[in-house]
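Trainee: Return a 3D structure for these sequence lines:
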Amino acid sequence: MTVHLTLLPTHALDLPLEWEAAPDQADPEDIFQLSSKVLHFEAGERTKTFTIASTGAGNRITKLSQYFLKIILPENNEQQLVSNTDIEVYISPVDDFPEFNEEQQRRLQESPVNIGLWTGIVGVEVSVDRYEGGWYGFEKAQKFAYTGTSVIVPNDTATNISTLDIRTNAFGLNDYFYSVFRGETIDLSVPEISGFNPEILDLVNWTDNSVESFKMTLPNLVFLPDAPGAKKGAIRFSALEEDSDPPAYLVPFSYVFSANNRMNEFIAQGNEEASYYEDLLEPSYTLQAMPDKEPELDGQGTYNEETGEMQFTLRLTHSNASDEPDKIVIKYQSPQITEKK
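Mentor: Residues are numbered from 1 along each chain as shown. Sure, this is the predicted structure:
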């Protein structure tokens, strides 16, 4: 995060920055990195900017934690520089920080591709182009951009040992896919035309105020080098869906959605309404993702060990989407390569 502090000192002064934390919390010096620990103002200088960044040690945090960054003012503070000198900073625990089992470690060591570049917590950037011509909230062309992280681990059962699984925030699309899914369900402006039954929302108690969990995973990113020993190549990430008509290559995202979990509980109890609409709150029923292109009938991404990049392009369609599906570009950057730059 970036902080802009605006003052109007009549003379030069230095304002130290100090962390304050509860005794049972992790040391903020281990968790946060400040671009400067002292803010130096020249006489008449109005604004100083500094950044608060993570050191990457978020795996030491086990719960949502609040810290205070204090601006240490001169003892007399005759100029009344600022009235509130505490900056509140919150940090969340890393979701599912990976620990690799023996088989995963073996595959990391023996893989002909350096898949370890993209394991652990990996940064991702996403750009989305939505095209005009959709319906009921999806009429306009729009662009979206997201940044985030995914937890990525070696697949420990795949035949090809150069295979990774995305365990959290698959392709960085958690937020965008959830917003689209909401647009097709709880936020739909004309549900009676689309065939969506809003009574299901009452059954599972999904409201604007309910706290829901929506998570995406993606297995089997298979790395295929251009040639033996090559530092770059393709990544197979789609799978043939034989049940579709006609059979097509789709991106096999898996979803865990809390309201759908409650729906499944009603189905298990024999609720007739829930059984009739059994797929209505299943995200994979509404969201269909496919490769942007199908080289040799199989969509592929790319990787480059020297730059540390993985890139994928896919399309997303759904009930009220434009005839031109959303185009989505995903870029992962290896944290190991980033640290070397």
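
Trainee: Quick check, residue 332 in contact with residue 126.
Mentor: No. Using C-beta atoms under 8 Å, residue 332 is not in contact with residue 126, being 10.0 Å away. Where you see a C-beta, it was placed from the backbone N, CA and C, and this is true even at glycine.

Trainee: Burial check on the closest residue to residue 226 other than its chain neighbours, number of neighbours?
Mentor: Nearest residue to residue 226, sequence neighbours excluded (C-beta to C-beta, 6 or more residues apart in numbering): residue 233, at 4.6 Å. Using other C-beta atoms under 10 Å, residue 233 has 18 neighbouring residues.

Trainee: Where does pLDDT dip in the stretch 151-300 of the chain?
Mentor: Flagging of the stretch 151-300 of the chain using pLDDT under 70 yields the residue ranges 189-196, 245, 293-299.

Trainee: For it, just list every one of the strands.
Mentor: Using DSSP state E, counting those that start in this stretch, the strands of the stretch 151-300 of the chain run over 163-166, 214-225, 232-236, 239-241, 248-250, 254-257, 288-291, 300-304.

Trainee: Of all the residues in stretch 273-282, which ones are buried?
Mentor: 274, 277, 278, 280, 281, 282 (16 or more other C-beta atoms under 10 Å).

Trainee: give me every residue that touches the residue lying closest to the third one once chain neighbours are set aside.
Mentor: Spatially, and ignoring its direct neighbours in sequence, residue 278 is nearest to residue 267 (5.7 Å; C-beta to C-beta, 6+ apart). With contacts defined as C-beta atoms under 8 Å, 6 or more residues apart in numbering, residue 267 is in contact with 274, 275, 278.

Trainee: if I look at the residue lying closest to the second one once chain neighbours are set aside, how far off is residue 273?
Mentor: Spelled out, that is residue 275. Nearest residue to residue 275, sequence neighbours excluded (C-beta to C-beta, 6+ apart): residue 267, at 5.3 Å. From residue 267 across to residue 273, the span is 10 Å (C-beta to C-beta, to the nearest Å).

Trainee: One more: residue 165?
Mentor: In terms of C-beta to C-beta, residue 165 sits 36 Å off from residue 273.

Trainee: Thank you, goodbye.
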